[in-house]
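[1] Quick one: sequence plus predicted model below, questions after.
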Amino acid sequence: MVIEKEKVIRFVDRILLKLMTRWQPAKSMTLFTANELAELCLRAREMMWNEPICLKIKAPITVVGDIHGQFEDLLAMLDSNGWPITDLEIKEMKDAQKKNQSKKSKSKSMKPQKPPRNYLFLGDYVDRGPYSMEVVILLIALKIKFPDRIYLLRGNHESRAVNSHYGFYRELKQRYSVELYEYFQNMFNCFPFTAIVNDTIMCMHGGISSLLEHFDQFSAFKRPLEIPDVGVLADLTWADPDPVVAEYEPSPRGASYVFGSKALRTFQSRLGLQLIIRGHQVVDDGYEFFDERRLVTIFSAPNYCGQQDNSAAMLNVSEDLVLGFFIFRPESRDLEKKNK
Ligand SMILES: [Mn+2]
């Protein structure tokens with residue numbers, strides 16, 4: 001058992017180190033085999049399946065919105081806002097890999113370490129951008145290594161009905177195989193849908209649900225599952241707030257609802273919540289409040305699809321629930337625009 005556990009740690013470390021230190025677009029097809037990626041998906045699937053569908057977590061936590069395959073932007077944002085892994089741990093991972101090649105190296109501790117940041121991702125890892133696969137494998141490798149430092153929710157794009165059309169299927173088919181796409185799909189079918197931070201902040205990809213009256217309702221859902229067309233799980237992954245609506249109205253997306261401030265206030269008092277954090281919509285500044293700060297949208301793909309001029313944001317929630325926004329706006333793209 002101990003040997004098996006060691007082997008898994010080395011395996012995940014190898015994948016993490018490649019992504020964090022050696023990945024670049026030109027090398028993106030030389031770093032991983034289909035077998036390794038399939039094994040990574042299986043291990044992450046087991047881990048996600050063991051988590052409840054509604055997570056209970058504690059602040060401090062950084063909440064991240066849609067990434068949509070923009071892997072290089074994700075790396076840059078983690079470099080600035082802080083990784084869920086310390087420099088010392090990275091060094092130890094590197095040393096352990098060298099030991100495997102029977103080289104000795106002494107690890108002497110360096111400067112004082114910044115503590116690692118804990119992360120909650122709100123889904124929509126895949127589709128649209130060029131490197132959906134790297135986004136997912138980085139996040140699940142971190143999850144396997146540090147289950148209590150990183151939490152991954154499911155977005156509406158982590159479903160076959162959507163990602164077979166908007167990029168992920170094509171990316172996997174071209175780069176690896178349809179078989180490997182199925183491993184990712186089977187893993188997504190086990191992801192949790194929502195997280196409650198310190199009993200008062202509810203986080204999800206899309207929005208609230210008129211059908212959710214008590215958190216006990218989640219025990220009725222059995223994974224693995226596809227995202228249903230209607231009901232609580234469809235609302236959590238698809239719904240949007242709408243300032244001109246009071247209660248709930250059918251969504252122009254053709255799935256779930258849009259909800260107004262009256263619906264939001266009823267939902268929050270029923271469940272004892274003070275704030276909703278969700279992603280799912282592009283917002284210019286990377287974050288946008290709704291209804292006197294009862295809800296905030298976070299979007300974490302800057303310059304979305306190369307066509308929008310939005311900043312990206314990550315939301316740092318402190319131990320005593322103070323909100324701080326990390327804003328990311330790639331400078332080079334500002335310059336490119338100025339030059340035009
Ligand atoms: Mn979405």
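    Arrived safely. Numbers count the residues shown, from 1 in each chain.
[2] I'd like the mean pLDDT over stretch 52-63, please.
    For stretch 52-63, mean pLDDT is 98.
[3] Give me the buried positions along it.
    By neighbour count on 16 or more other Cβ atoms under 10 Å, the buried set for stretch 52-63 is 53, 54, 55, 59, 60, 61, 62, 63. From N, CA and C alone the C-beta is placed, and that goes for glycine too.
[4] Can you find the residue of this structure that comes nearest to the ion?
    Across the chain, the shortest distance to the ion (Cβ to the ion) belongs to residue 280, at 4.0 Å.
[5] helix, strand or coil for that residue?
    Three-state call for residue 280 (DSSP: H, G, I helix; E, B strand; the rest coil): coil.
[6] Got phi/psi on it?
    phi 80, psi -20 (degrees, to the nearest 10).
[7] Quick check: the gap between it and residue 301.
    12 Å (Cβ to Cβ, to the nearest Å).
[8] Overlap of the contact sets of those two?
    Residues within reach of residue 280 and of residue 301 at once, by Cβ atoms under 8 Å, 6 or more residues apart in numbering, are 65, 66.
[9] Number of residues surrounding residue 98?
    Close neighbours of residue 98, defined as other Cβ atoms under 10 Å, add up to 11.
[10] and what of residue 328?
    Count around residue 328 with other Cβ under 10 Å applied: 19.
[11] so what's it bridging to?
    When bridges are called by DSSP bridges, residue 328 pairs up with residue 312.
[12] residue contacts, it?
    Residues near residue 328 by Cβ under 8 Å, 6+ apart: 73, 76, 77, 80, 81, 286, 300, 302, 311, 312, 313, 314.
[13] Let's see that with 7 Å instead.
    Counting by Cβ atoms under 7 Å, 6 or more residues apart in numbering, residue 328 touches 77, 80, 286, 302, 311, 312, 313.
[14] per-residue confidence for the residue positioned nearest the centre of the chain?
    Centroid-nearest residue in the chain: residue 121, 3.0 Å away (criterion: Cα atoms, centre = their mean). The confidence metric pLDDT takes the value 99 at residue 121.
[15] And for residue 113?
    73.
[16] and it, that one's in a helix?
    No. Assigned with three-state DSSP, residue 113 falls outside any helix and is coil.
[17] in the stretch 51-200 of the chain, which spans are strands?
    For the stretch 51-200 of the chain, the strands defined by DSSP state E, counting those that start in this stretch cover 54-57, 61-64, 119-121, 150-152, 194-197.
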